[in-house]
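>>> give me the fold of what follows.
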Amino acid sequence: MNKRKSVVAILLTAAFLNGCAGLETRYQADMDQIRIQHLDTIFNLLVEYQNKSGQLPLQGDVLSRDIEVFITHRKLPDWLITQAAQAPLDIYPNEALEAEFERVLGREIELPSDPQNVATYAPNVYVYHVNPGWACVAAHLYSPAPGTKNVQNQYYKYEKCVQSSI
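Next up is the predicted model:
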């Protein structure tokens, strides 16, 4: 009898975990759609900025190293700050990018950030990267979508770039 209860318990646990995995997959699919919309919004701001100013946000600050901004309303994880500090980049705060958009576009800008408060599969931040020749904004997705790239079988990178007009 104990063996039968054990088998039933294992089957119920497996069914429960499979159901939870399905819920997580559906949740991430919903979040991915929001992430794509957010990234498109930020990209449209980049294009509007470039059309108005002739350059890309923060491009005038690029000296010897590219600039990267982690777009988020949450505190960045320590491991991400440590990793970024080791890269050949200048890291700017999210507020610097918002202020630059506001200065040139002449209106208040609040950049959207990842809707998921607890990271599970990838850093839950959007990334803005600029150098003298181009700028890109990227989001990390759970599932593949048109235009995404698989990153080390951990997440999918959705990225849009614009070339400098200078």
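
>>> going forward, measure contacts between C-alpha atoms and count neighbours the same way
OK.

>>> I'd like to know how many residues surround Val118.
Neighbours of Val118 under the rule other C-alpha atoms under 10 Å: 10.

>>> got the phi/psi numbers for Gly133?
Main-chain dihedrals, Gly133, degrees, to the nearest 10: phi -100, psi -20.

>>> what's the separation between it and Gln163?
To Gln163, Gly133 is 6 Å away according to C-alpha to C-alpha, to the nearest Å.

>>> in terms of neighbours, single out the busier of the two.
Gln163 (16 against 13).

>>> all helices of the chain, in order?
In the chain, the helices defined using DSSP state H lie at 2-53, 78-86, 94-105.

>>> can you tell me which helix or strand of the chain has the lowest average pLDDT?
The helix or strand of the chain with the poorest confidence is helix 2-53; it has a mean of 76 (mean pLDDT, DSSP states H and E).

>>> that older thread, looking at the helices of the chain, which is buried most?
Among those, the stretch with the highest mean neighbour count (mean count of other C-alpha atoms under 10 Å) is helix 94-105, at a mean of 17.

>>> give me the contact list for that one.
Residues outside helix 94-105 that contact it (C-alpha atoms under 8 Å, 6 or more residues apart in numbering) are 45, 48-49, 52-53, 57-58, 69-72, 108-111.

>>> can we see that at 7 Å?
When contacts are defined by C-alpha atoms under 7 Å, 6 or more residues apart in numbering, helix 94-105 is touched by residues 49, 57, 69-72, 108-111.

>>> can I get these in TSV including distance to Val137?
Conversion of these to TSV gives the following (distance: C-alpha to C-alpha, whole Å):
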residue	distance to Val137
Tyr49	14
Pro57	11
Val69	9
Phe70	10
Ile71	9
Thr72	13
Glu108	20
Ile109	16
Glu110	16
Leu111	12
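
>>> restricted to strands, list these.
69-71 (DSSP state E).

>>> how about those residues in CSV, adding neighbour count?
Formatted as CSV, the ones in strands among the contacts of helix 94-105 follow (neighbours: other C-alpha atoms under 10 Å):
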residue, neighbour count
Val69, 22
Phe70, 25
Ile71, 26
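
>>> quick check: Asp114 touching Asn124?
Yes - at 5.7 Å, Asp114 and Asn124 qualify as touching, with contact defined as C-alpha atoms under 7 Å.

>>> many thanks, we can stop here.
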